[in-house]
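Asker: Any chance you could fold what I've pasted below:
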Amino acid sequence: MSMLVRAWQALAGTVRIRRERSRARYQLAAMTERELLDFGMTRAEIVYELHKPRRRK
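Answerer: Numbering: from 1, shown residues only. This next block holds a predicted model:
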């Protein structure tokens, strides 16, 4: 497999992971307080996740 193909696959994987994480953060933001309590999370934790720099894990 060429280096170019591997680079494109790595890039595509990174983009996919970022989209998944973004979608998950916004789904958490849309949850009610009751739903968040079921997960053991607070609204403050969700706000932190939403405003965290994208490049951090």
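Asker: how far away is residue 3 from residue 16?
Answerer: 20 Å (C-beta to C-beta, to the nearest Å). Quick note: C-beta positions are derived from backbone N, CA and C, even for glycine.
Asker: repeat for residue 38
Answerer: Counting by C-beta to C-beta - residue 38 and residue 16 are separated by 28 Å.
Asker: now residue 42
Answerer: 29 Å.
Asker: So which residue is smack in the middle of this protein?
Answerer: residue 21 (1.6 Å; C-alpha atoms, centre = their mean).
Asker: Tell me which helix or strand it sits in.
Answerer: helix 3-29 (DSSP states H and E).
Asker: could I have stretch 3-13 exported to PDB, CA atoms only?
Answerer: Extracted C-alpha coordinates of stretch 3-13, given in PDB (Å, rounded to 0.1, in the frame of the first residue of the first chain):
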ATOM      1  CA  MET A   3       2.300   6.000   1.600                       C
ATOM      2  CA  LEU A   4      -0.300   8.300   0.000                       C
ATOM      3  CA  VAL A   5      -3.100   5.800   0.500                       C
ATOM      4  CA  ARG A   6      -2.200   5.300   4.100                       C
ATOM      5  CA  ALA A   7      -2.100   9.000   4.700                       C
ATOM      6  CA  TRP A   8      -5.600   9.500   3.200                       C
ATOM      7  CA  GLN A   9      -6.900   6.600   5.300                       C
ATOM      8  CA  ALA A  10      -5.400   8.100   8.500                       C
ATOM      9  CA  LEU A  11      -6.900  11.500   7.600                       C
ATOM     10  CA  ALA A  12     -10.300   9.900   6.900                       C
ATOM     11  CA  GLY A  13     -10.200   8.100  10.200                       C
END
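Asker: Tell me how far it lies from the chain's centre.
Answerer: 21 Å (C-alpha atoms, centre = their mean, to the nearest Å).
Asker: What helices and strands are in contact with the helix or strand of the chain with the lowest mean pLDDT?
Answerer: When the helices and strands of the chain are scored by mean pLDDT, DSSP states H and E, helix 43-51 comes last with a mean of 81. Applying 3 or more C-beta pairs under 8 Å, 6 or more residues apart in numbering; DSSP states H and E, we find helix 43-51 packed against helix 3-29, helix 33-39.
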